[in-house]
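In: sharing a sequence plus its predicted fold:
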Amino acid sequence: MATGPAHPAGGPTVIANIELIAMVSGAACVAGLVLAVVALVGTTRPPGNRPGRGGPGLRRLWQGSGTSRQERQRHQALLVGAAVAGAVAFLLTGLPVVGLLVAVAVPGTPWLFSVGRAEQRAIARIEAVGEWTRRLKDISATGQGLQQAIIGTIATAPPQIEEEVRLLAARLQAGWLARPALLAFADDIGDPVADQVVAALILHLTDRGERLGDVLGSIAGAAAAEVATRREIEAKRVQPRFAVRFLTGMTLATIAYGLVNTDYIRPYGTPTGQLVMAVLSAAFVALLVWVRAMSQPPTPTRFLPAPDPEDALA
């Protein structure tokens with residue numbers, strides 16, 4: 001008996017599933033890259049970065065929030081690496097959500113593993129401000145004026161704030177008024193301890209008191225106490241930060257195993273499976289971000305205003 005051509009079981013269904021996955025893969029990859037960029041760059045514009053021509057939003061997404069050339073190059077390398085890694089993962093598995101996860105993991109992993117480094121740098125800068133304050137006190141005690149004393153601290157400025165001290169001295173030598181130059185210095189440091197030092201110096205400019213050394217010595221002592229307190233708090237945040245790193249490592253191991261052993265993620269090959277994977281992945285990423293946020297200290301509140309550029313020059 002003659003029979004017609006045999007069709008593979010479930011052929012139309014498989015083709016429809018492949019077409020559906022192909023339709024959503026492009027949107028998923030684009031969304032993954034956007035999420036990766038937002039996770040790395042943030043949603044706020046860094047100080048001093050004013051919008052301009054030529055697509056400032058896209059330029060900021062590409063350049064990142066880094067202030068140095070190396071930070072911008074590292075950010076761009078992460079974006080390119082995320083796009084390439086996500087595309088390779090999608091080609092290996094055929095699953096767009098896996099490509100999305102890999103694309104997010106490339107910039108997200110350094111962001112998660114770097115938890116605590118910002119606070120450690122902030123503590124080091126506070127300690128440097130206290131050390132610079134003591135040196136400023138010693139130089140001003142020799143009878144030099146405030147501007148000359150600040151310029152005299154350039155050679156011995158701590159490395160953590162050396163650039164800011166040099167910029168302050170350069171502004172004073174360029175003809176800036178002392179008050180806006182000091183406000184700009186406090187804005188560059190961005191910490192309440194630096195605000196205390198600058199406030200004392202501005203008050204000294206106003207009343208020309210003779211006890212500037214005593215005030216600077218007291219602020220330097222308060223800075224040392226602040227460093228000790230923050231280091232004690234930092235030590236108590238070790239456990240939640242270890243949890244962040246552990247969960248991140250488990251996530252990377254799971255993704256790597258899925259790329260090597262495709263049978264492990266084969267049940268997620270249907271559109272329903274991809275939807276389930278996307279929901280579970282989003283919940284897990286949200287958990288990582290939440291745990292990381294818990295391990296971060298609150299941003300200290302400053303009390304000095306930002307400098308007005310119009311008041312800089314006499």
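Out: Noted; the coordinates are in hand.
In: and Leu177, how far from Leu205?
Out: 9 Å (CB to CB, to the nearest Å). All C-beta spots, glycine's among them, are computed from the backbone N, C-alpha and C.
In: could you give me the average pLDDT of the host helix or strand of Leu112?
Out: Following DSSP states H and E, one finds Leu112 within helix 96-113. Mean pLDDT, helix 96-113: 83.
In: got the CA coordinates for it in PDB?
Out: C-alpha atoms of helix 96-113 as PDB (Å, rounded to 0.1, in the frame of the first residue of the first chain):
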ATOM      1  CA  PRO A  96      17.800  33.600  24.100                       C
ATOM      2  CA  VAL A  97      17.400  33.800  27.900                       C
ATOM      3  CA  VAL A  98      20.700  32.100  28.400                       C
ATOM      4  CA  GLY A  99      22.400  34.600  26.100                       C
ATOM      5  CA  LEU A 100      20.700  37.300  28.100                       C
ATOM      6  CA  LEU A 101      22.000  35.900  31.400                       C
ATOM      7  CA  VAL A 102      25.500  35.600  30.100                       C
ATOM      8  CA  ALA A 103      25.400  39.200  28.700                       C
ATOM      9  CA  VAL A 104      24.300  40.500  32.100                       C
ATOM     10  CA  ALA A 105      26.800  38.400  34.000                       C
ATOM     11  CA  VAL A 106      29.900  39.900  32.200                       C
ATOM     12  CA  PRO A 107      29.500  43.400  33.700                       C
ATOM     13  CA  GLY A 108      27.400  42.300  36.600                       C
ATOM     14  CA  THR A 109      30.000  39.900  38.100                       C
ATOM     15  CA  PRO A 110      32.700  42.600  38.700                       C
ATOM     16  CA  TRP A 111      30.000  44.800  40.100                       C
ATOM     17  CA  LEU A 112      28.900  42.200  42.600                       C
ATOM     18  CA  PHE A 113      32.400  41.100  43.500                       C
END
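In: next SSE downstream of it?
Out: Past helix 96-113, the next helix or strand by DSSP H and E is helix 117-140.
In: mind listing what's buried along that next one?
Out: Neighbour-count burial for helix 117-140 flags 119, 122-123, 125-140 (criterion: 16 or more other CB atoms under 10 Å).
In: quick check: closest non-adjacent residue to Ile161.
Out: Distances taken as CB to CB, 6 or more residues apart in numbering place Ala128 nearest to Ile161, at 4.7 Å, with adjacent residues excluded.
In: that neighbour against Val165, yeah?
Out: No: with contact defined as CB atoms under 8 Å, Ala128 does not reach Val165; the gap is 9.3 Å.
In: related to what we said a few turns ago, need the pLDDT of the residue nearest to Ile161.
Out: Predicted confidence (pLDDT) for Ala128: 91.
In: do the one 10 residues further on as well
Out: Confidence per residue is given as pLDDT, and for Asp138 that number is 87.
In: from Ala223, how far out is it?
Out: Relative to Ala223, and taking CB to CB, Asp138 is found at 15 Å.
In: pLDDT below threshold where in the stretch 1-150 of the chain?
Out: Within the stretch 1-150 of the chain, the segments meeting pLDDT under 70 span 1-68.
In: please redo it, this time with the cut-off set to 80
Out: For the stretch 1-150 of the chain, the stretches flagged by pLDDT under 80 are 1-73, 75-76, 93, 109, 112-118, 143-146.
In: ditto for the stretch 151-300 of the chain
Out: 204-213, 215, 236-241, 243-245, 247-248, 251-252, 254-256, 258-266, 291-292, 294-300.
In: picking up where we left off before, name the residues of the helix holding Leu112 that are buried.
Out: By neighbour count with 16+ other CB under 10 Å, helix 96-113 contains the buried residues 96-109, 111-112.
In: next structured bit after the host helix or strand of Leu167?
Out: Per DSSP H and E: Leu167 is located in helix 162-173. The helix or strand immediately downstream of helix 162-173 is helix 178-189, counting by DSSP H and E.
In: can you name the residues in contact with that next one?
Out: Contact with helix 178-189 is made by 47, 125, 129, 146-147, 161, 164-165, 167-168, 171-172, 176, 194-195, 197-198, 201-202, 205, 302, 304-309, 311-312, as judged by CB atoms under 8 Å, 6 or more residues apart in numbering.
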